[in-house]
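> Need coordinates for the following:
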Amino acid sequence: MAPPQAVPVIDISQLDDPHSLADAIKDTLASTGFLFVTGHGLEHQAERMFDISERFFRDETDDEKLRCAYSENKGYTRFSQEVLDPTRPAPDLKEGFNTAHIQLGENGNPPVPSQPLPNLLQQHAAELAAFQHACFSICQRLLQAFAVALDLPVDFFTSQHHAGPDSRSILRFLHYPAIPAGATVDPNRAGAHTDYGSLTCLFQREDGGEGLQILPSTEPLEGGRWRDVGMVRGAMLVNVGDAIELWSGANFKSTLHRVVLPTPLPPTGVPERFSIAWFNQPSPQASLRTCVPVSTISPEDRERMARKGVEPGKDVTADAHLEARLKSTYKLAK
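Residues are numbered from 1 along each chain as shown. I've put the predicted structure just below:
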């Protein structure tokens, strides 16, 4: 497990207003950009999502998965198809499914997905839509605190996010296969990367083992000390994405993270791992122009941002920013 100070734990059930929440989280937003959130109220829904995810990855037919293959940041990615870290030749040891907005059915009508869904996910479209809405609501609450921490109007960020058919937010199911004892594999389960949107909510299960690590902004890219994040029972792990780093002028950090296998492998091998991520995106036409004077951004932070292809102070839409980040850092192995 990670040392207690690696990623702090915040019980948001005890923080009723944006000001108290901002006071509790602003230090970690400025350093690692990661925090564990308890008291979020999504525990039961998250367990249902894990049940649905496991059934999909284990029981859905290959034909159905491939019918809904990845396109435009939606759909199924097969094992070893992704290369999140283009500096490493080994593909990521995982498979996933990206689900975009699902419109809840009204007046007895069924839910309306904004993409084709495999049969086993279509059966649970209403639950998927409800979980998407719940994650979005939690993010809106956090974004209010983000604004307060920067002395901005409380709705500065929330007014630039919405849920609807044109939303670019994604609910992602991930499955990392078990690694048998004695296997010769690259330790890379998910390559080093930062997330692209405003923030990410990650749900994990303890029985899948650990392996998530962060590289704080104070560490050098080459030879820096990666830190184990660990797990907190019932907690949702929240991290800042590139859009908020750009928007905030790096007052809030979007931190490199990865998922790795233990080295050397345990003699019993490594169990399979499931996780669920909600990638919260601003509205497509939201302007990400830096909301603090660019002159206040340190040279070190400007260099970090430049490596991601972001330019503080530039008037860029959230959609344009996302497309650029996907194109430059998200690779698909053939």
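> what's the average pLDDT for stretch 295-310?
Stretch 295-310 carries an average pLDDT of 87.
> List the buried residues of that stretch.
297, 301, 302, 304, 305, 308, 310 (16 or more other Cβ atoms under 10 Å). Backbone N, C-alpha and C define where each C-beta goes, glycine included.
> What are the contacting residues of it?
Here stretch 295-310 makes contact (Cβ atoms under 8 Å, 6 or more residues apart in numbering) with 194, 217, 242, 245-246, 249-250, 254, 290, 311-312, 321, 324-325, 328-329.
> Tell me which of these fall in strands.
Using DSSP state E, no member of the contacts of stretch 295-310 falls in strands.
> Name the nearest of those relative to residue 38.
When the contacts of stretch 295-310 are ranked by distance to residue 38 (Cβ to Cβ), residue 254 comes first, at 22.8 Å.
> which one is that closest one nearest to, not counting chain neighbours?
Of all residues not flanking residue 254 in the chain, residue 245 sits nearest, at 4.0 Å (Cβ to Cβ, 6 or more residues apart in numbering).
> And residue 125, by the same measure?
Nearest residue to residue 125, sequence neighbours excluded (Cβ to Cβ, 6+ apart): residue 111, at 4.1 Å.
> what about that neighbour, neighbour count?
Neighbours of residue 111 under the rule other Cβ atoms under 10 Å: 18.
> Return the distance of it relative to residue 122.
9 Å (Cβ to Cβ, to the nearest Å).
> mind listing the helices in the stretch 101-250 of the chain by residue range?
119-122, 125-149, 242-247 (DSSP state H, counting those that start in this stretch).
> Centre of the chain to the following helix or strand past the last one, how far?
Spelled out, it's helix 242-247. Toward the C-terminal end, the helix or strand that comes next after helix 242-247 (DSSP states H and E) is strand 256-260. The chain centre lies 12 Å from the centre of strand 256-260; the measure is Cα atoms, centre = their mean, to the nearest Å.
> Tell me the secondary structure at residue 63.
Under DSSP: H, G, I helix; E, B strand; the rest coil, the three-state class of residue 63 is helix.
> what about it, distance to residue 138?
Per Cβ to Cβ, residue 63 is found 35 Å from residue 138.
> These two: who's more crowded?
The neighbour count for residue 63 versus residue 138, taken as other Cβ under 10 Å, is higher for residue 138 (20 against 9).
> OK, contacts around that one?
By Cβ under 8 Å, 6+ apart, the contact set of residue 138 is 37, 40, 42, 201, 236.
> for residue 87, what are its contacts?
Here residue 87 is in contact with no residue (Cβ under 8 Å, 6+ apart).
> Poorly predicted segments of the chain, please.
The chain contains residues with pLDDT under 70 at 1-5, 208-209, 328-334.
> helices or strands up against the strand or helix carrying residue 279?
For residue 279, the host element (DSSP H and E) is strand 273-280. Counting contacts by 3 or more Cβ pairs under 8 Å, 6 or more residues apart in numbering; DSSP states H and E, strand 273-280 packs against helix 43-59, helix 125-149, strand 170-176, strand 199-204.
> Out of those, which is closest to residue 188?
strand 170-176 (10.8 Å).
> What is the burial count for residue 314?
A count of nearby residues for residue 314, using other Cβ under 10 Å, gives 14.
> how close does it get to residue 290?
Taking Cβ to Cβ, one finds residue 314 at 8 Å from residue 290.
> Can you give me the neighbour number for residue 213?
19.
> Can you name the residues bridging to it?
residue 228, residue 258 (DSSP bridges).
> Now do the same contact list for it.
By Cβ under 8 Å, 6+ apart, the contact set of residue 213 is 226, 227, 228, 229, 257, 258, 259, 260.
> What of residue 225?
215, 219.
> what packs against the one helix or strand residue 23 maps to?
Applying DSSP H and E as the criterion places residue 23 in helix 18-31. Judged by 3+ Cβ pairs under 8 Å, 6+ apart, helix 18-31 is in contact with strand 9-11, strand 34-38, helix 125-149.
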